[in-house]
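Asks: Model the following, please.
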Amino acid sequence: MLFLVVAFASLASAQSALPGPKQECECSIVGHCSASQSCPDGYIAVCTCSATGCSSSCTKIDGVMELSEPTLEKMLLGESAANFGKVLSKAFKKIVTFKPFDPNLKFEFNAENTARSTHWDLLDYLAKNGDLKINGHDLDFWKGVRQNLMSGGGFKMCAGPVAARLIVDELSFLTGTRYSIISGDQNTKVTGPFEGSTISEITEKIGRQANVVIAEKQN
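Replies: As a prediction, the model looks like this:
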């Protein structure tokens, strides 16, 4: 059975001028790969391991991810291709780089099905027109992580304590399905691990612990 492991370590606010203890996360798949991360105050450490490889990053604790495809389109329209990575880094709260094959590339993305289009469709477009990296990995890596999540191969999420909304954001980014907390306090701290064979299983477990209701976001 394949497993996806996502580990989160939340950062406490600085209590004094002295630096606090390093906040870290780590995950691994024995004999395949491992990842670890230390982050400064104001960030959470995120480590992701799946059958396609391992990744780690620091995610800023500031608002929520912007994953609406129409909104992302508006953000990129009028921007030079050289700035696409900067715009998406802010939206996804990850390190995104983009080097267009054509330096004069104009953003001309047209979703085939506007009603069902997600940020994954937009990322596919960019990957076909340049060298796209998210946290140092190409889109095929992230597609592998997504496929493992969506195929029900099994996954495990280690967290804590961290605001429930941050885990929900990460699931939304990975799956392409936008989830939101529609009832309860989205900043309630939760601690994993959460395990399941489907996305609904893990969202239900997060919901029970945080006493919140998680549902697909309606456009």
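
Asks: Under the pLDDT cut-off, which ranges of this protein? List them.
Replies: Within the chain, the stretches with pLDDT under 70 are 1-23, 51-52, 112-115, 152-160, 192-193, 218-219.

Asks: Using PDB, list the CA coordinates for the helix or strand where Asp140 lies.
Replies: Using DSSP states H and E, the element containing Asp140 is helix 139-150. Taking C-alpha atoms only, helix 139-150 is exported to PDB below (Å, rounded to 0.1, in the frame of the first residue of the first chain):
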ATOM      1  CA  LEU A 139       4.600  19.500 -11.900                       C
ATOM      2  CA  ASP A 140       4.900  15.700 -12.500                       C
ATOM      3  CA  PHE A 141       6.100  15.300  -8.900                       C
ATOM      4  CA  TRP A 142       3.000  17.100  -7.600                       C
ATOM      5  CA  LYS A 143       0.700  15.200 -10.000                       C
ATOM      6  CA  GLY A 144       2.100  12.000  -8.500                       C
ATOM      7  CA  VAL A 145       1.300  13.200  -5.000                       C
ATOM      8  CA  ARG A 146      -2.200  14.200  -6.100                       C
ATOM      9  CA  GLN A 147      -2.800  10.900  -7.800                       C
ATOM     10  CA  ASN A 148      -1.800   9.000  -4.700                       C
ATOM     11  CA  LEU A 149      -4.300  11.100  -2.700                       C
ATOM     12  CA  MET A 150      -7.100  10.700  -5.200                       C
END
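
Asks: Point out the other elements, helices or strands, that it touches.
Replies: The contact analysis (3 or more Cβ pairs under 8 Å, 6 or more residues apart in numbering; DSSP states H and E) places helix 139-150 against strand 4-9, strand 43-50, strand 53-60, helix 119-129, helix 164-175. Where you see a C-beta, it was placed from the backbone N, CA and C, and this is true even at glycine.

Asks: Name the SS class of Pro103, please.
Replies: Classification of Pro103 into helix, strand or coil gives coil, according to DSSP: H, G, I helix; E, B strand; the rest coil.

Asks: still on that earlier bit, quick one, which of the helices and strands packed on helix 139-150 is nearest to Ser197?
Replies: Ser197 lies closest to strand 4-9 among the helices and strands packed on helix 139-150, at 11.1 Å (Cβ to Cβ).

Asks: helix or strand right after the closest one?
Replies: strand 23-29.

Asks: Quick check: next helix or strand after that next one?
Replies: Using DSSP H and E, the helix or strand that directly follows strand 23-29 along the chain is strand 33-39.

Asks: quick one: that next one to strand 23-29, angle?
Replies: Orientation check (axes from the mean of the first three to the mean of the last three Cα atoms, to 10 degrees): strand 33-39 against strand 23-29 gives 170 degrees.
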